[in-house]
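Peer 1: Sequence first, predicted coordinates after that:
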Amino acid sequence: MLSDHTPALSVVTVPAPEALTGDLLEYTSAATPLAWLRAGDGFVGVGEALRWEGSGPERFAAARRWWASLSAAATVDNSVDARGSGLVAFGTFAFSASSMTSSALIVPRMIIGRSGGVAWVTIVSLADEPSSRPSAVPIRPGSPIDFVDGAMAGPAYRDAIQEGLRRISRGEVEKVVLARELTATLPADTDARWPLSRLADSYPDCWTFAVDGLLGATPEMLARVDGGTVRARVLAGSTGRGTDAASDASAALTLATSEKDRDEHGYAVRSVLSALAPHTSSLVSSDQPFTLKLPNLWHLASDVEGRLSDGSSSLDMADALHPTAAVAGTPTRDALAMIDELEAFDRGRYAGPVGWVDADGDGAWGIALRCAQVTSGRVTAYAGAGVVTGSEAQRELAETGMKFKPIIDAFS
């Protein structure tokens, strides 16, 4: 964290000295990558100029204060008009206010970005620090690893689902999202860019991220703020892809017409609209959910857009929206209490906001899904399922298996 004295950063963004046509991940660290990518574009960070860490119920507010102070003191020279240019911090927040895992904002020493054919390099320095140039290092393929059950094996997870269903039948909650974890040991000197590269290639329509050891590819946008407009993509309700064109179309139709899945989706959309309403002068969402196709799953999805009326930043919106019913449940407070009781582990940063913020407060925060945390030679992957009336324990267990697939395949 910063001391009472806020250092004055010098930030210079210029067009890239040469065309950046390759994999941006080659420019970030093999051990501690920083990345936010989608469909080949985005940006990566190199090194660490400054870092904020915090925890507890005030973690978002503390991060906002730190970032506002740092941005106000910085000198920014930006000759590139692109999202993600200028002063940027990568961030990741713990799911729970009571988590033992810290939240973090990281300002890299260098950012290399590309968007719509425009490429740039940002250099962040303190006074009298020498500048440097970006250099690409080929990504080393990894060795296969074997994941095993974490704190909740399959039978224990099914028991938790059944208990959740009993409490739903008693009216304690309408929906609760329960998760489980898998763990594995990483070989020494693993290149963390390898699974990231595989995720980016396999899931180009998702947002591939890496921040402070948390890496993944999320299909769900919690909040994107750009020039006073806030956007969100809500996902809730899912099913596996079919094995051929006919069965795949049938799976999508079954999902789109499933009362159970549409109810689950409705809870998530209403929670987002309710959280955004106090901050917006206008707010619209999809009339009906649409089916979003990913390589391994169909999701029910809705897009939400609003015009901010109170000057909120992307960090403000991440704070206001987290956690949505899509990753916690309904009512939120009761669902969170049930999660704490029924899950046998700390979610850490799983299902928390992950993304970036710039000096103007604009930025994008996805929900950390299809992800894993890499720490001290261990990797822990997470997946969850929404439990509502009509849920079946074995089906929800199978759904988590499908959601683990991107991470398992990426590390295989």
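Peer 2: Great, that's in hand. Numbering: from 1, shown residues only.

Peer 1: what residues does stretch 92-103 touch?
Peer 2: Applying Cβ atoms under 8 Å, 6 or more residues apart in numbering, the contact partners of stretch 92-103 are 53-57, 59-60, 63, 91, 104, 211-212, 214, 318, 322-323, 327, 336, 340, 346-354, 368, 373. To be clear about C-beta, it is placed using only N, CA and C from the backbone, and glycine gets the same treatment.

Peer 1: Could you work out the end-to-end span of it for me?
Peer 2: 6 Å (Cα to Cα, to the nearest Å).

Peer 1: Repeat that for stretch 306-324.
Peer 2: End-to-end for stretch 306-324, by Cα to Cα: 17 Å.

Peer 1: just stretch 352-361 next, same as before
Peer 2: Across stretch 352-361, first to last residue, Cα to Cα, it's 19 Å.

Peer 1: same question, stretch 325-339
Peer 2: By Cα to Cα, one end of stretch 325-339 lies 12 Å from the other end.

Peer 1: for the closest residue to residue 320 other than its chain neighbours, helix, strand, or coil?
Peer 2: Closest residue to residue 320 apart from its sequence neighbours, by Cβ to Cβ, 6 or more residues apart in numbering: residue 275 at 5.0 Å. What DSSP: H, G, I helix; E, B strand; the rest coil gives for residue 275 is helix.

Peer 1: show me the residues around residue 275 that make contact.
Peer 2: Residue 275 sits in contact with 320, 321, 324, where contact means Cβ under 8 Å, 6+ apart.

Peer 1: of all the residues you listed, which comes closest to residue 400?
Peer 2: residue 324 (18.4 Å; Cβ to Cβ).

Peer 1: Hmm, the closest one is touching residue 270, no?
Peer 2: No. Counting by Cβ atoms under 8 Å, residue 270 is not a contact partner of residue 324; they are 9.8 Å apart.

Peer 1: Count the residues that sit near residue 291.
Peer 2: 17 (other Cβ atoms under 10 Å).

Peer 1: correction: residue 408
Peer 2: Residue 408 has 19 nearby residues by other Cβ under 10 Å.

Peer 1: now do the one 3 residues further on
Peer 2: Around residue 411 sit 23 other residues, with neighbours defined as other Cβ under 10 Å.

Peer 1: That one and residue 183 touch, don't they?
Peer 2: No. Using Cβ under 8 Å, residue 411 makes no contact with residue 183, being 11.5 Å away.

Peer 1: Residue 324 and residue 270: which is more packed in?
Peer 2: Neighbour totals were compared for residue 324 and residue 270, and residue 324 leads with 28 against 15 (other Cβ under 10 Å).

Peer 1: so what's the more buried one up against?
Peer 2: So residue 324 contacts 222, 234, 268, 271, 272, 275, 367 (Cβ under 8 Å, 6+ apart).

Peer 1: anything in contact with each of residue 411 and residue 183?
Peer 2: In contact with both residue 411 and residue 183: 147, 379, using Cβ under 8 Å, 6+ apart.

Peer 1: circling back: just the buried residues of the contacts of stretch 92-103.
Peer 2: Using 16 or more other Cβ atoms under 10 Å as the burial test, those include 54-55, 59-60, 63, 91, 104, 211-212, 214, 318, 322-323, 327, 336, 346-354, 368, 373 as buried.

Peer 1: In strands, which of these appear?
Peer 2: 54, 91, 104, 211, 214, 353, 354, 373 (DSSP state E).

Peer 1: mind listing what the most centrally placed residue in the chain touches?
Peer 2: Centroid-nearest residue in the chain: residue 368, 3.0 Å away (criterion: Cα atoms, centre = their mean). Contact analysis of residue 368 by Cβ under 8 Å, 6+ apart lists 92, 95, 209, 214, 216, 218, 349, 350, 351, 352, 353, 354.

Peer 1: Let me see the ranges of the helices in the stretch 51-200 of the chain.
Peer 2: Secondary structure of the stretch 51-200 of the chain (DSSP state H, counting those that start in this stretch): helices located at 59-73, 154-169, 193-202.

Peer 1: All set, thanks.
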